[in-house]
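K.L.:
return atomic coordinates for the entry below.
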Amino acid sequence: MENSATLSNTMYDILKVIGRHAKFLYDTTDTYIEDAEKANKKQLADTWRKIKSDKLCHVNLLKDALENEIYGR
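P.N.:
Numbers count the residues shown, from 1 in each chain. The predicted model follows:
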């Protein structure tokens, strides 16, 4: 196992993508859903909800991958 103070390229990659997804999830999607609802576009709002749900799944997959990187599983 690598030194715990070392951030490997793979850990960096995972953290970077988690950060991007988190920013999109928590800064953007709710606004897009609200915009679609205000425009009376239910299908579009549902599409944004689905994208949000999918990204949450991706974040959880990446979280598990990061735990594997950290603990050498």
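K.L.:
ok, the residue most central in space within the chain to Glu69 distance?
P.N.:
Nearest to the geometric centre of the chain sits His21, at 3.1 Å (C-alpha atoms, centre = their mean). Distance of His21 to Glu69, computed by C-beta to C-beta, to the nearest Å: 17 Å. The C-beta positions use only the backbone N, C-alpha and C, and glycine is treated the same way.
K.L.:
now do the contacts for the residue nearest to the centre of the chain.
P.N.:
55, 58-59, 62 (C-beta atoms under 8 Å, 6 or more residues apart in numbering).
K.L.:
let's see which of those residues end up in helices.
P.N.:
Among these, the members found in helices (DSSP state H) are 55, 58-59, 62.
K.L.:
for the residues you listed, which one is nearest Leu15?
P.N.:
Checking the ones in helices among the contacts of His21 against Leu15 by C-beta to C-beta gives Leu62 as the nearest, at 8.6 Å.
K.L.:
contacting residues around the closest one?
P.N.:
By C-beta under 8 Å, 6+ apart, the neighbours of Leu62 are 14, 17-18, 21.
K.L.:
of those residues, which is the nearest to Thr28?
P.N.:
His21 (10.5 Å).
K.L.:
return the distance of the host helix or strand of the closest one from the chain's centre.
P.N.:
In this assignment (DSSP states H and E), His21 forms part of helix 9-24. Relative to the chain's own centre, helix 9-24 is displaced by 8 Å; criterion: C-alpha atoms, centre = their mean, to the nearest Å.
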